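Student: Turn this into a structure:
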Amino acid sequence: MPLSSHRIPRFPALLAVAVAVAALVAPSGSTSTPATSRAVVGFKSNAELAEALKRFPGAQIVRRVPHLKTVEVVLPGKAAQLSGLPGISFAHKPRQRTVHVEPALTAMFRLGLPYEWQYVVTRENEVPEEVLRAASAIKIAVVDTGLDVTHPDIATKAPETWDIVRHRTNVVDKDGHGTFVSALAAGAVNNNEGIAGFGGDAKLLMIKAVSENESFSEVDTAAAIVYAVDHGANIINLSIGGEGSSPLEMRAIQYAASHNVLLVAAAGNEYEEGNPIEYPAAALQPPGSKGQGGLGLSVAASTMAGKRAFFSNTGSQISLAAPGNNVFGAVAATSPRDYFPRYALPGSLAGLYGWSSGTSFSSPEVAGAAALVWAANRLLTAQEVAGILKATASGRGKWNPRLGYGVIDVAASVAAAGGHQVAARPKAGSWLSVRRLRARYVSARSPRSLRRVRLAVYLRTSAPTVRPDYRTVTLQIRLGGSWHRLARTTTRLGGGVRWSVGLRPGRHTLRVVYRGRSDLRSAVRLKPVQVR
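Tutor: The predicted model follows:
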């Protein structure tokens with residue numbers, strides 16, 4: 001299943017099962033030796049599980065998730081042969097999960113724009129200092145590929161670590177994904193180095209959940225969720241996913257919800273590959289829910305202009321959005337350079353940094369924002385925290401399948417949690433410039449033939465973090481006392497548009513109109529044109 005240009009290898013090879021007898025009798029009665037396979041099996045009691053596995057000579061339990069009454073088994077035969085047996089709740093092949101990332105270094109930094117632009121456009125920088133400090137009572141767990149604990153933005157937090165597969169505290173991040181995610185969720189905000197995480201002083205727990213060949217399975221993620229809950233996490237970030245729902249993941253999610261833990265997951269990067277529904281995000285915000293209810297938050301990716309990133313999945317399972325297209329973050333020293341290219345950060349004395357894209361990086365921003373909402377009001381439940389983030393996002397209560405309830409507004413969320421009036425996100429000012437390029441005849445058959453007039457139009461903004469890119473602008477002409485549309489198009493990168501229109505000789509009044517959006521005010525520019 002293609003998820004992105006950055007892939008973690010496929011599920012590990014099947015474990016070899018020692019077979020004492022050359023031919024074993026399969027449950028079907030065949031005398032041939034069946035091929036072995038893995039199965040994720042939910043059961044009602046240990047006795048009933050043992051009884052069911054007796055039908056599969058040589059079956060071996062390789063993983064247990066006791067809290068969720070689930071095991072992973074290597075057995076002769078297929079998982080489907082366990083389904084329907086007494087005491088077996090479910091049995092199926094393991095679901096693969098990969099990270100949601102599209103490595104994309106911004107080759108040239110845009111002048112006047114903060115490196116960590118995502119921190120500004122979400123109004124994270126307007127959160128009161130006391131709330132940032134109060135977040136030290138909140139713990140964010142990140143289930144991912146590991147962590148570079150030596151990175152200055154991570155080391156200051158003295159994070160807790162655990163490898164759920166190998167049962168050890170060493171969580172070296174060979175991939176780099178987990179470090180980038182962790183720094184966005186909970187990177188230090190007061191160490192005078194690098195970037196600032198969204199979670200203020202929130203504690204960080206990294207749970208590495210990849211197997212020997214750096215792949216995920218639903219068993220790994222479910223076990224990691226249980227571990228996070230049992231070790232005091234208030235928020236769990238899952239920047240991983242894949243197609244296919246999993247009863248085991250659902251059990252783990254329900255376990256977290258029953259302990260008042262908020263789960264946040266990446267919605268996926270496959271819009272241009274069929275826009276599939278991704279899990280576990282869709283288990284948190286169910287398909288068909290249109291942002292209502294759910295057991296957590298499914299997060300889409302937005303751009304600097306507040307629009308959906310081109311790769312970000314859409315659908316009724318989207319809760320809200322956060323910046324995910326070319327966001328700036330911490331890079332692990334152990335990560336491959338082609339996955340996470342390095343960029344020199346002026347003023348930084350240590351640590352590696354760079355840009356990357358994906359819903360993987362939108363999700364931890366929401367997790368960090370949730371920590372600040374909880375810090376502002378410790379009496380809130382996990383569902384109330386999720387509700388506040390939705391209600392105060394840029395959609396202001398209106399939902400759509402591209403961005404859910406909109407892009408998070410952290411300052412507004414924190415204000416609402418503290419019982420204060422929610423300040424509206426201020427709109428940036430905008431203006432239009434129109435320049436005539438040249439005119440020529442379309443036809444010389446008559447003196448009243450049309451001339452082709454070319455115009456260059458530029459939309460500009462007063463705030464460096466509010467981009468004029470991909471905005472709809474309209475060209476109109478004044479005829480008979482009313483305005484008539486000549487053209488409508490979307491601005492390119494930088495806010496530019498070029499039009500070529502046919503006009504008869506004479507004097508005309510044209511105007512260019514930008515209607516405005518939640519982050520940028522409207523603008524109108526008149527342009528008298530003399531055509532000879």
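
Student: Next, work out how far apart residue 331 and residue 123 are.
Tutor: 26 Å (C-beta to C-beta, to the nearest Å). C-beta: built from backbone N, CA, C; applies to glycine.

Student: Compare neighbour counts for those two and give me the winner.
Tutor: Each of residue 331 and residue 123 has its neighbours counted (other C-beta atoms under 10 Å); residue 331 has more, 25 against 21.

Student: Identify the bridge partners of that one.
Tutor: residue 352 (DSSP bridges).

Student: OK, contacts around it?
Tutor: By C-beta atoms under 8 Å, 6 or more residues apart in numbering, the contact list for residue 331 reads 176, 179, 180, 340, 342, 352, 353, 354.

Student: Using PyMOL, define a selection of the buried residues within the residues you listed.
Tutor: Buried members of the contacts of residue 331, defined by 16 or more other C-beta atoms under 10 Å, are picked up in PyMOL with:
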select buried, resi 176+179+180+340+352+353+354
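
Student: Closest to residue 418 out of the contacts of residue 331?
Tutor: When the contacts of residue 331 are ranked by distance to residue 418 (C-beta to C-beta), residue 180 comes first, at 30.4 Å.

Student: I'd say that closest one and residue 328 touch.
Tutor: No: counting by C-beta atoms under 8 Å, residue 180 sits too far from residue 328 to count as a contact (9.9 Å).

Student: Regarding this structure, what is its longest helix?
Tutor: helix 359-376 (DSSP state H).

Student: Let's see stretch 381-390 as PDB, backbone CA atoms only.
Tutor: Extracted C-alpha coordinates of stretch 381-390, given in PDB (Å, rounded to 0.1, in the frame of the first residue of the first chain):
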ATOM      1  CA  THR A 381     -12.000  15.700  30.000                       C
ATOM      2  CA  ALA A 382     -10.200  14.400  26.900                       C
ATOM      3  CA  GLN A 383     -13.400  14.800  24.900                       C
ATOM      4  CA  GLU A 384     -13.800  18.300  26.100                       C
ATOM      5  CA  VAL A 385     -10.300  19.200  25.100                       C
ATOM      6  CA  ALA A 386     -10.900  17.800  21.600                       C
ATOM      7  CA  GLY A 387     -14.200  19.700  21.400                       C
ATOM      8  CA  ILE A 388     -12.500  23.000  22.300                       C
ATOM      9  CA  LEU A 389      -9.800  22.500  19.600                       C
ATOM     10  CA  LYS A 390     -12.500  21.900  17.000                       C
END
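
Student: ok, and what's touching that stretch?
Tutor: Under C-beta under 8 Å, 6+ apart, the answer for stretch 381-390 is 234, 257, 260-262, 291, 294, 296-297, 319-320, 366, 369-370, 373-374, 380, 404-405, 408, 413, 416-417.

Student: and with 6 Å instead?
Tutor: 260, 262, 297, 320, 370, 373, 374, 405, 408, 413, 416, 417 (C-beta atoms under 6 Å, 6 or more residues apart in numbering).

Student: Quick one: residues contacting residue 202.
Tutor: 135, 138, 140, 186, 371.

Student: How confident was the prediction at the second one?
Tutor: At residue 138 the predicted local distance difference test score is 97.

Student: I figured residue 394 hits residue 407, correct?
Tutor: Yes: contact between residue 394 and residue 407 holds when scored by C-beta atoms under 6 Å: they sit 4.5 Å apart.

Student: out of those two, which sits in the busier spot?
Tutor: residue 407 (28 against 22).
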